[in-house]
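Asks: predicted model and sequence follow; I will ask about them next.
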Amino acid sequence: MQCPTCDHDSRSPAKFCPECGARLLQACGQCGAVLPETGKFCSECGTAREGAAATISAPTESKSATGERRQLTVLFCDLVGSTELSACLDPEEMGEVVRAYYEMVDEVVRRFDGHVAKYLGDGVLVYFGYPQAHEDDPVRAITAALGMLVDLPVLNARAQERVPQMRDRPLAVRMGVHTGLVVVGDFGAGSSIEEGAIVGDTPNLAARLQAVAAPNTVVISDATRRLVTGIFVLEDLGRHELKGVSEPMPLFRAVRTSGMRSRLDLANAGTLTPLVGRQQQVGLLLDLWEHVQDGRGQVALISGDAGMGKSRLLQVLRERLAEHAHSWLECRCSPYHENSALYPIVELLEQGLLFAPEHSVADKIGRLEAGLHYGGFSVPEALPLFTSLLSLPL
């Protein structure tokens with residue numbers, strides 16, 4: 001039997017070449033199909049095995065899969081009580097409920113430029129940092145998770161519309177977020193190659209965090225907490241033992257955003273270096289403020305390349321005005337709302353009306369009515385317009 005790889009002629013029947021180690025497989029001399037180790041005839045063409053077999057070699061090792069090492073934030077979202085729910089609903093009705101749940105998750109994830117990697121029954125595995133990486137992927141992941149909780153009423157409305165039996169069964173979700181190193185690549189064997197799969201304990205830990213979360217809550221790891229400190233209001237849940245983890249892990253619940261929107265908001269004033277070389281610009285802004293105090297409104301445009309210190313200049317102005325009575329309203333564009341051209345206006349209105357995350361829809365509408373009345377608007381005429389702008393059901 002001759003090895004096609006190294007041409008070594010093996011006199012005795014062998015499964016592997018004694019010279020190069022390549023696996024020796026017999027092929028049918030008639031049709032070329034690989035013959036099994038037992039059997040007298042080819043299963044493809046029926047040719048007798050004796051005297052009709054040639055030898056072929058199989059590769060000794062598969063093509064090595066290349067992977068990319070990168071930091072990833074993984075969000076795992078799970079539908080609470082899906083097993084009990086599936087026992088009460090027809091499979092088609094359960095399918096409609098799960099479909100509405102998937103649609104809600106996908107809408108929120110795409111809003112924050114995440115990637116839905118897998119749908120695992122009633123669970124959804126989401127990546128932030130692959131295939132598109134951002135400097136604030138942990139913030140995006142937690143913001144998306146909190147956004148899903150905000151959209152839960154919409155999800156329940158969809159589910160109840162499609163399945164009337166869901167009117168007395170509101171859906172709930174729980175989520176876990178963890179950040180860590182993974183290897184991203186194409187993993188698998190044969191025809192079962194999964195593109196963009198990740199290897200590492202990061203997705204496993206995200207699933208473990210989800211398992212300990214209470215319904216309609218978001219639990220994050222300490223690794224993620226260190227990357228979002230100050231941006232969210234967090235509740236310390238203490239240390240928890242997780243399956244497969246050798247030591248108890250400190251866990252935290254993401255309650256809501258803190259209102260801090262930039263790195264300057266997060267920085268302690270004592271840790272910032274003094275503003276150098278901007279005395280002229282600061283003086284010009286203070287001169288405009290003097291005109292404002294005299295009853296003459298002013299507008300100032302500050303422009304410059306990224307990193308030139310525009311936000312720092314405004315912060316210094318705000319510090320200088322702290323001793324004077326004034327109202328400071330601030331709005332800004334956000335990469336999380338690229339498809340909403342009026343988002344800065346919406347944010348400004350919410351800021352002026354003192355909306356808070358814990359306020360109900362009725363509370364917000366009450367504040368809006370009071371604000372419209374104070375501004376001299378006709379409340380019956382203006383209320384439908386402003387509730388539509390602020391996404392408040394009327």
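Replies: Cool, the structure landed.

Asks: could I get the phi/psi values of residue 128?
Replies: Main-chain dihedrals, residue 128, degrees, to the nearest 10: phi -120, psi 110.

Asks: ok, it - contacts?
Replies: For residue 128, the contact set (CB atoms under 8 Å, 6 or more residues apart in numbering) comprises 72-75, 112-115, 134, 137-138, 140-141, 144. The way it works is simple: take the backbone N, C-alpha and C, and place the C-beta from them, glycine included.

Asks: if we use 7 Å, what do you get?
Replies: Listed by CB atoms under 7 Å, 6 or more residues apart in numbering, the contact set of residue 128 reads 73, 75, 114, 137, 140, 141.

Asks: show me the beta-bridge partners of it.
Replies: residue 73 (DSSP bridges).

Asks: strands of the stretch 151-300 of the chain, residue ranges please.
Replies: 173-189, 192-199, 218-221, 232-240, 249-257 (DSSP state E, counting those that start in this stretch).

Asks: now the second one: mean pLDDT?
Replies: Averaged across strand 192-199, pLDDT comes to 76.

Asks: could you give the angle of it to strand 173-189?
Replies: 130 degrees (axes from the mean of the first three to the mean of the last three CA atoms, to 10 degrees).

Asks: direction included, what does strand 192-199 pair up with?
Replies: As assigned by DSSP bridges, strand 192-199 forms pairs with strand 173-189 (antiparallel).

Asks: returning to that earlier point: mean pLDDT lowest where, among the strands of the stretch 151-300 of the chain?
Replies: strand 192-199 (a mean of 76).

Asks: that one: how far from the chain's middle?
Replies: Taking CA atoms, centre = their mean, to the nearest Å, one finds the center of strand 192-199 at 19 Å from the center of the full chain.

Asks: in CSV, list the C-alpha atoms belonging to it.
Replies: Output of strand 192-199 as CSV, limited to C-alpha atoms (Å, rounded to 0.1, in the frame of the first residue of the first chain):
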residue,chain,number,x,y,z
SER,A,192,-20.7,22.8,11.2
ILE,A,193,-18.5,26.0,11.3
GLU,A,194,-19.9,28.9,13.3
GLU,A,195,-18.7,32.2,12.0
GLY,A,196,-18.0,34.9,14.6
ALA,A,197,-18.2,32.6,17.6
ILE,A,198,-16.5,33.6,20.8
VAL,A,199,-14.4,31.5,23.2
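
Asks: what number of residues are in the vicinity of residue 129?
Replies: 22 (other CB atoms under 10 Å).

Asks: and the nearest residue in space to residue 312 that is not next to it in sequence, how far is that from residue 17?
Replies: In space, and not counting its chain neighbours, residue 312 is closest to residue 275: 6.0 Å by CB to CB, 6 or more residues apart in numbering. Shown here: residue 275 relative to residue 17, a distance of 75 Å by CB to CB, to the nearest Å.

Asks: those two: which is more packed in?
Replies: residue 17 (22 against 15).

Asks: can you give me phi and psi for the spatially closest residue to residue 369 that is not a sequence neighbour?
Replies: Using CB to CB, 6+ apart and skipping residues adjacent in sequence, the residue nearest residue 369 is residue 379, 5.6 Å away. The phi/psi pair for residue 379 (degrees, to the nearest 10) reads phi -60, psi -50.
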